[in-house]
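Asker: Sequence first, then the predicted structure, then my questions.
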Amino acid sequence: MYYVLLVSHGEMAPGLHTAVKMIAGDNEWVMSAGLHDGSSADALAAEVKGLLQGVTTDDRLVVLADLMGGSPLTTAMKVVAEMGLLTNTVALAGMNLPMALTAVLAGPDVELDLLAETLSGEACNGVEEFVIPADEDEDEDL
């Protein structure tokens, strides 16, 4: 089986999860958890462990996090390690909607190494400036 876990500070991961559901449908193998204000890393660890309880060493896991070195990512990866799931896990930070959608739509047969490279590209390509071209006719009126 193939799983995608979104983790973040606050409501970013659950909110992103909702957006992914709107576009790609509701998939039980996509999960999310957020470290809430006033909550502890231990509470997040317990939530992540609960979400991953059905994941086995035969499964593949993609962990997407809001930022590198943050408590959500380090906590989730500690749980992944404690559960013996590191071998078939790829983790990336800097998640955005295109990145999460690509992970979800990649499907269960995708190679994790190739997916990691693709997701890194999606994270960068998903950020671009939206420019409204100036109407050339307006400039002539000046």
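Answerer: Everything's here; your move.
Asker: Mind jotting down where the strands sit in the chain?
Answerer: Taking DSSP state E, the strands of the chain run over residues 2-9, 30-35, 60-65, 89-93.
Asker: would JSON lines of those with distance to A81 and mean neighbour count be doable?
Answerer: C-betas here are computed from N, CA, C, even on glycine. Output for the strands of the chain, formatted as JSON lines (distance: least, CB to CB, whole Å; neighbours: other CB atoms under 10 Å):
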{"stretch": "strand 2-9", "distance to A81": "14", "mean neighbour count": "24"}
{"stretch": "strand 30-35", "distance to A81": "16", "mean neighbour count": "23"}
{"stretch": "strand 60-65", "distance to A81": "11", "mean neighbour count": "25"}
{"stretch": "strand 89-93", "distance to A81": "9", "mean neighbour count": "19"}
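Asker: Dump the ones you listed into a markdown table; add distance to A134 as well.
Answerer: Formatted as a markdown table, these follow (distance: least, CB to CB, whole Å):
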| stretch | distance to A134 |
| --- | --- |
| strand 2-9 | 37 |
| strand 30-35 | 41 |
| strand 60-65 | 37 |
| strand 89-93 | 37 |
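Asker: Using CSV, lay out those together with mean pLDDT and distance to V131.
Answerer: As requested, these are exported to CSV (pLDDT from 0 to 100; distance: least, CB to CB, whole Å):
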stretch, mean pLDDT, distance to V131
strand 2-9, 96, 29
strand 30-35, 97, 32
strand 60-65, 96, 28
strand 89-93, 94, 28
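Asker: quick one: which of those strands is nearest P72?
Answerer: Within the strands of the chain, the stretch nearest P72 is strand 2-9; the backing value is 4.1 Å (CB to CB).
Asker: Next, the angle from the closest one to strand 60-65.
Answerer: Here strand 2-9 runs at an angle of 20 degrees relative to strand 60-65 (axes from the mean of the first three to the mean of the last three CA atoms, to 10 degrees).
Asker: Check what contacts strand 2-9 and list those residues.
Answerer: Residues outside strand 2-9 that contact it (CB atoms under 8 Å, 6 or more residues apart in numbering): 13-14, 16-17, 20, 29-35, 44, 48, 51-52, 55, 59-67, 70-73, 75-76, 95, 100, 103-104, 107-108, 110.
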